[in-house]
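# based on what follows, work out the 3D shape:
(4 chains)
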Amino acid sequence: MFKKILIANRGEIAVRILRACRELGIRSVAVFSDVDRKSLHVRLADEAYPIGPAPSRESYLCIDKLMDVARRGGCDAVHPGYGFLAENAALPRACTDAGITFIGPPADAMESLGSKTAGRQLARRADVPSVPGTNDPIENPAEAQALAQRMSYPVLLKAVAGGGGKGMRLVHSTAEFESAFRDASSEAMNAFGDDRLYLEKYLDRPHHVEIQIFADAHGRVVSLGERECSVQRRHQKVIEEAPSPIVTPDLRKKMGDAAVRLARAGRYVNAGTVEFLVDANLNFYFLEVNTRLQVEHPVTEQVTGLDLVKLQIAIAAGHRLPFAWESITPRGHAMEVRLYAEDPDNDFFPSPGKILSRNVPSGPGIRLDDGVYEGWTVPNDYDPLLSKLIAWGNSREEAIARLRRALEEYTVIGIKTNAGLFRRILDEPDFLRGEVHTRWLDDLLRRPRFASSLANDHRPGSAASDAAAIAAAIWQANQSDRQASQPAFFADQPSRWKLEGRREQLDRRP
Amino acid sequence: MFKKILIANRGEIAVRILRACRELGIRSVAVFSDVDRKSLHVRLADEAYPIGPAPSRESYLCIDKLMDVARRGGCDAVHPGYGFLAENAALPRACTDAGITFIGPPADAMESLGSKTAGRQLARRADVPSVPGTNDPIENPAEAQALAQRMSYPVLLKAVAGGGGKGMRLVHSTAEFESAFRDASSEAMNAFGDDRLYLEKYLDRPHHVEIQIFADAHGRVVSLGERECSVQRRHQKVIEEAPSPIVTPDLRKKMGDAAVRLARAGRYVNAGTVEFLVDANLNFYFLEVNTRLQVEHPVTEQVTGLDLVKLQIAIAAGHRLPFAWESITPRGHAMEVRLYAEDPDNDFFPSPGKILSRNVPSGPGIRLDDGVYEGWTVPNDYDPLLSKLIAWGNSREEAIARLRRALEEYTVIGIKTNAGLFRRILDEPDFLRGEVHTRWLDDLLRRPRFASSLANDHRPGSAASDAAAIAAAIWQANQSDRQASQPAFFADQPSRWKLEGRREQLDRRP
Amino acid sequence: MIELERDRVAWRVTLDGRTVAVDAVETAPNTLSILLEGQSFEITVTPSPDGKLKLHTNGQEFTAEVIDPRAWSGRRHGAVEAEGRQQILAPMPGKIVRLLVKEGDHVEAGQGLLVVEAMKMQNEIRSPKSGVIERVLAKEGQPVNAGEVLCVVA
Amino acid sequence: MIELERDRVAWRVTLDGRTVAVDAVETAPNTLSILLEGQSFEITVTPSPDGKLKLHTNGQEFTAEVIDPRAWSGRRHGAVEAEGRQQILAPMPGKIVRLLVKEGDHVEAGQGLLVVEAMKMQNEIRSPKSGVIERVLAKEGQPVNAGEVLCVVA
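Got it, this is the predicted structure:
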């Protein structure tokens, strides 16, 4: 087993990895940029070394600096976490050159499975279905129309040069095809100076479901089941859960087998995630492979009882996957929310700053993968993920109830967070029924807040609203007293005074 | 189901219960004494009412005040937690009179199983072995000698009026019996004015193992497996775990069956714990029944996945135990430590005070059942339990590694805690092998600290010791600067000065 | 309309004219635990740059603006009393909705003199000193401008 | 023996005569994050009533006593300089183990003058001002009493 692992990352995932190291008796080496000296991962690591200025391209993305720390610190392995260099094949190559083990897939497997086009080619060879369509430009509209017929409508016409929805048309029937093709090509020409189109099957409100796989260096590949990650804001996952509310045992087996076939075809080793879209008829289509630990790995850990980071380390050290793992049965249900320093009133724009005080939830079924602490200043320079809050329950209902309870306990003073977004999502009937798709949250956020169902005590004029108004008045009164520093207004002698608050101005926010 | 539950308790268990209520959509009503207005359970409850001055006999033990709050608040059930009134049959009786459901056993079952002597009589009827011996005074020494022979030595002679070891003799063989009897009676006469003795089988280094049972109001009784609670300081449990490292599947079934028989015999309903002593030969002996939720219930929750408080509430509401629960198989291993505000340098005397700052552990496998928060002042008036820290792992080794890791992350400024005691226990080879008994910790605490095994970096002159010395010097320098308030010493301009610390004085404490 | 009154340890609160039992304590900076007729609320207060307050409780968010009537009378009463003859001025444009005193009345410091409505909020103007109402210039129903003399306490 | 020296942002630390790289920051009240030649320690400091410090790190507990030599020279150097002729007095009973200057030497404020050993600890006595050593009364190996004049800086 390794003696010392360099963690080439920061924030909650660096903390997650160093905790695994500590539990295994392996020394952990953190790295930090100039703004991260006081970061939690630096405080908790066994060793920590500076690697340069705040911009990540001058610190966390500098392979040379990382390898230098690894060598100086006598590390025998490197864990990349997720993000930064985690899917950059140059890092495993540099590790190999330095005689240090990379905790992740080999560089070749990373490249052959990690790139979207190479992954799709591999998927075709491994008999894993991808979203049907022409990846090459359409030469002949009539031929494309015939293909659309075979794929069955609706289909999407997309500009080869496109992006941002320009030159894109949703086609519902063969009758619409010709005019849609004309419109889309001319729009594409206007927008990009390139009128070429390609054809893709349109998946109506698909679920994002991904399979966690593990492969050892001895040819064994296993699936640890799926995660449902359909709740996304602009293609960014915000809530993940395991198991998926739509996946049946039969579908689980089919998707797991497909993911394992793909991993074998790519000679994959270590942890990986095969992402699929699943349509309403439970057809699944390969999307891409993430050749690393996922942000959302804890939900799989909570239902399987496995520690995926420790598994990654063991596999990198050459251990075999024990046979028993193929027969692992998930228990209960787990759900994760990603708590970000974001301003919900300003389109979830990052909102860094100093955490003046906070209450974090705890108790039965609650796990917090924390990357911050009270008194710390969230820097401006990186992804503003603060912590991941994970709830486990015997059932999906219990997991949701615990998550909702934990979110009520969670308070932060000093920075804005997206916690309110999750409270809102957890009240949505669609979500509670598990009927969400990858565009569901974006749709929801376009709807006015008051249209959604609300518990009675959310309404203005409720006890909560009264209490908030009273708190505002008292806070202001205390504040005035402090600013005035007039001892007469402190509690030493009864002082009668009044303060009036405009309760009419008290309105509820999302 | 209930609409509103009065929680007749405080601290972490009140928080634990109100969390269950919130997850079930039941309103929670807290009560608080004058010193508990700012307690966590008051902050987190849906409602909270004052019940009088700090002394518990004037607040938390006042059935009248509690019933008054329950009536005024419109509660339809009362949960007593543990301690305070939890095993006082007057509370369920008062509830019955008020037409409010008591979440716990009926008053009669509480009395028939809860008292030590009544419990033993019931155990005899239910064919559950107790520690062998004469519960009645010895009339005839010769007869007693014959009985001792039949029980097999060693045996204990104990003063009927006794306590504190006076009039007690450990007898190893029949040859010693007569003189031991003489010595013990005369000692008992001198100490208590009563020379009567009784005889009990001496269990050499027994384990404390307890069975968690649940019984519904429809005659169904199940065992949820055992907890090992042998690590005790003066008969007070400090670490608990599930499963027990010494219990075999066969023993688990036998003890579970015995516990269920006993519960049936006592017409028990709701959660209860049957405590046993287990000797080196895996013979088990009934000790007593705790007719309530135990402090250590979370370890059972972590391995079974059940929420015992929710189960209690469901059973009190008349629900049936589902059949499936009999077939519940524990997963992995869980271990709990009880974090107290205690001074380890002063014989673990309670050490209340203000929590100026703290870091609480989190991450995989860690659950914190918290009763306090930063900025709160632990009052002088109650049991100084701060929080329970529970670690779950796939194996006992992993649970221990996670607990150790979590304890390293746990820091508190402002009050003293017993956290260091657990770090010490978790390093003990006996404990790691599961070879502990009810007197093991008391023995350990009598041994000098340096005799125990230590990692190298614990020694003076180590890096940790150097770092601590440096931290002391820097802290003192900063402190002096602050007190002096001389801006010249702040970082604006380079200021050269020296501070010398006597590193020789730096010694390591337990 | 919320009115607060602080005695030795607790707040007495009037909510739309109804007195409610409120027990408020600060548990952390900008965090209040409020017991409102027994109901427990943990409320965090975040001041906005625009002077409004954001309030979070149990996952709900509210926005409030507090207007301190002490600012209106130009001083904080309850501390030392103002001395000499005092003109009571309208603190902002509004409408006199109620006169609480008439000329010749004896008033205590802090006693309400009249009620001004502005921005849909009613605000009581109180006496900065104990004394006698020398003159009342305001009339019920009358609109007033900021700075206008409403009455005089001597 | 630990010696500290602070430049603009960091501490330079000498540990038993060996310079070590230390990066120390305060992460919470009485909580220091120390990087000692790369090793990371989170250390909480609890002052005892007896003036000693309790230190916790990673579950280990240490006790330390810090004696600040600035107290010895009667002032903090590095701030304003003392003025006029200065007698350097022994701050406590001990033994002169080393003389660092001789009569006629020019010294800077803060420069070491001699080393006194007391309670098994060596403490450097430094000049409260820049100037010239007018007289050296102490001898190496000589025991001294508190308050005894050791040298004079003019």
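# need the nearest residue in space to residue 58, chain neighbours excluded.
With no chain named, the answer covers chain A. For residue A:58, ignoring the flanking residues on the chain, the nearest one in space by CB to CB, 6 or more residues apart in numbering or on different chains is residue A:52 at 4.8 Å. C-beta here means a position set from N, CA and C on the backbone, and glycine is covered the same way.
# my question was about chain C
Using CB to CB, 6+ apart, the nearest residue to residue C:58 is residue A:408, at 4.8 Å.
# which SS class is that neighbour?
helix (DSSP: H, G, I helix; E, B strand; the rest coil).
# what pLDDT does it get?
We note a pLDDT of 93 for residue A:408 in this prediction.
# ok, now which ones touch residue A:146?
Shown in contact with residue A:146 (CB atoms under 8 Å, 6 or more residues apart in numbering or on different chains): no residues.
# and it, its phi and psi?
Main-chain dihedrals, residue A:146, degrees, to the nearest 10: phi -60, psi -40.
# now do residue C:137
phi -100, psi -20.
# can you get me a residue count around the closest residue to it other than its chain neighbours?
Beyond its immediate neighbours in the sequence, the residue positioned closest to residue C:137 (CB to CB, 6+ apart) is residue C:149, lying 5.5 Å away. Here the neighbour count serves as a burial measure; for residue C:149 (other CB atoms under 10 Å in any protein chain shown) it reads 13.
# circling back: does the residue nearest to residue A:58 count as helix, strand or coil?
coil.
# my guess is it meets residue A:35, correct?
No: no contact is recorded between residue A:52 and residue A:35 when judged using CB atoms under 8 Å, the distance being 10.7 Å.
# report the buried residues of stretch A:223-243.
A:223-233, A:237-243 (16 or more other CB atoms under 10 Å in any protein chain shown).
# distance between it and the chain's centre?
7 Å (CA atoms, centre = their mean, to the nearest Å).
# likewise for stretch A:86-95?
A distance of 22 Å separates the centroid of the chain from that of stretch A:86-95, by CA atoms, centre = their mean.
# contacts for that stretch?
With CB under 8 Å, 6+ apart as the contact definition, stretch A:86-95 has outside contacts at A:8-9, A:63, A:66-67, A:70, A:78, A:80, A:85, A:101-102, A:104-108, A:110-111, A:114, A:290-293.
# grab the longest strand from chain C for me.
Longest strand of chain C, by residue count under DSSP state E: strand C:18-28.
# that one close to chain D?
No: using CB under 8 Å from any CB of the partner chain as the criterion, no contacts between strand C:18-28 and chain D are found, and the smallest distance is 14.3 Å.
# now do the end-to-end distance for stretch C:51-64.
The distance separating the two terminal residues of stretch C:51-64, taken as CA to CA, to the nearest Å, comes to 9 Å.
# if you average pLDDT over that stretch, what comes out?
Rounded to a whole number, the mean pLDDT of stretch C:51-64 is 82.
# and that stretch, what's buried?
Buried, per 16+ other CB under 10 Å, within stretch C:51-64: C:52-64.
# can I assume the residue nearest to residue C:58 is in contact with residue B:18?
No: with contacts defined as CB under 8 Å, residue A:408 does not count as touching residue B:18, sitting 11.2 Å away.
# looking at the two, which has the bigger crowd around it?
A side-by-side neighbour count of residue A:408 and residue B:18, using other CB under 10 Å, places residue B:18 first with 30 against 19.
# what residues does that one make contact with?
Under the contact definition (CB under 8 Å, 6+ apart), the residues listed for residue B:18 are B:7, B:28, B:30, B:41, B:44, B:45, B:46.
# strands of the stretch 251-400 of chain A, residue ranges please.
All strands of the stretch 251-400 of chain A, identified by DSSP state E, counting those that start in this stretch, fall at A:270-278, A:284-290, A:333-340, A:342-343, A:349-350, A:353-354, A:357-359, A:366-370, A:377-378, A:385-393.
# closest to residue C:144 out of these?
In this view, the strands of the stretch 251-400 of chain A are compared for proximity to residue C:144 by CB to CB, and strand A:342-343 is the closest at 40.4 Å.
# could you say what helices and strands that closest one packs with?
Identification of packing neighbours for strand A:342-343 by 3 or more CB pairs under 8 Å, 6 or more residues apart in numbering or on different chains; DSSP states H and E yields strand A:349-350.
# the strand it packs on and chain C, any residue contact?
No: applying CB under 8 Å from any CB, one finds strand A:349-350 separated from chain C by no less than 15.5 Å.
# contacting residues around that strand?
Contacting residues not belonging to strand A:349-350 are listed as A:340, A:341, A:342, A:343, A:380, A:384 [CB under 8 Å, 6+ apart].
# which one of those residues is nearest chain C?
The shortest distance between chain C and any of the contacts of strand A:349-350, using CB to the nearest CB, involves residue A:343 and amounts to 11.2 Å.
# contacts only, for that closest one.
For residue A:343, the contacting residues are A:349, A:350, A:351, A:416, by CB under 8 Å, 6+ apart.
# for residue C:56, same thing?
Residues touching residue C:56, when contacts are defined by CB under 8 Å, 6+ apart, comprise A:411, C:43, C:44, C:46, C:62.
# what lines up beside the host helix or strand of it in the sheet?
Using DSSP states H and E, residue C:56 sits in strand C:53-57. Taking DSSP bridges as the criterion, strand C:53-57 forms sheet pairs with strand C:39-47 (antiparallel), strand C:60-67 (antiparallel).
# off-centre distance for the longest one?
In terms of CA atoms, centre = their mean, the centre of strand C:39-47 is found 21 Å from the chain centre.
# residues in contact with that strand?
Contacts of strand C:39-47 with the rest of the structure, by CB under 8 Å, 6+ apart, involve A:411, A:413, A:463-464, A:467-468, A:471-472, A:475, B:30, B:42-48, C:27, C:30-35, C:53-58.
# what residue of chain C is the furthest out?
residue C:59 (29.2 Å; CA atoms, centre = their mean).
# got a list of what residue 20 touches?
Answering for chain A, as no chain was given. Contacts were defined as CB under 8 Å, 6+ apart; by that measure residue A:20 touches A:307, A:309, A:310, A:313, B:364.
# actually chain C
Residues in contact with residue C:20 (CB under 8 Å, 6+ apart) are A:466, C:13, C:14, C:36, C:37.
# now, these that are in strands?
The strands in this structure, assigned by DSSP E, contain C:13, C:14, C:36 from the contacts of residue C:20.
# just among those, which is most surrounded?
In the ones in strands among the contacts of residue C:20, the most neighbours by other CB under 10 Å go to residue C:13, 24 neighbours.
# which residues in the stretch 201-350 of chain A form helices?
Remark: helices assigned in the stretch 201-350 of chain A by DSSP state H, counting those that start in this stretch are A:249-265, A:297-304, A:308-316.
# helices or strands up against the longest one?
In this case it means helix A:249-265. Here helix A:249-265 touches helix A:116-125, strand A:207-215, strand A:221-233, strand A:270-278, strand A:284-290, going by 3+ CB pairs under 8 Å, 6+ apart.
# hmm, the residue farthest from the centre of chain C is touching residue A:420, no?
Yes: under the criterion of CB under 8 Å, residue C:59 lies in contact with residue A:420, with a separation of 6.8 Å.
# spell out which parts of chain C neighbour chain D.
For chain C, the contact set with chain D under CB under 8 Å from any CB is empty.
# that's all I had, so thanks and see you.
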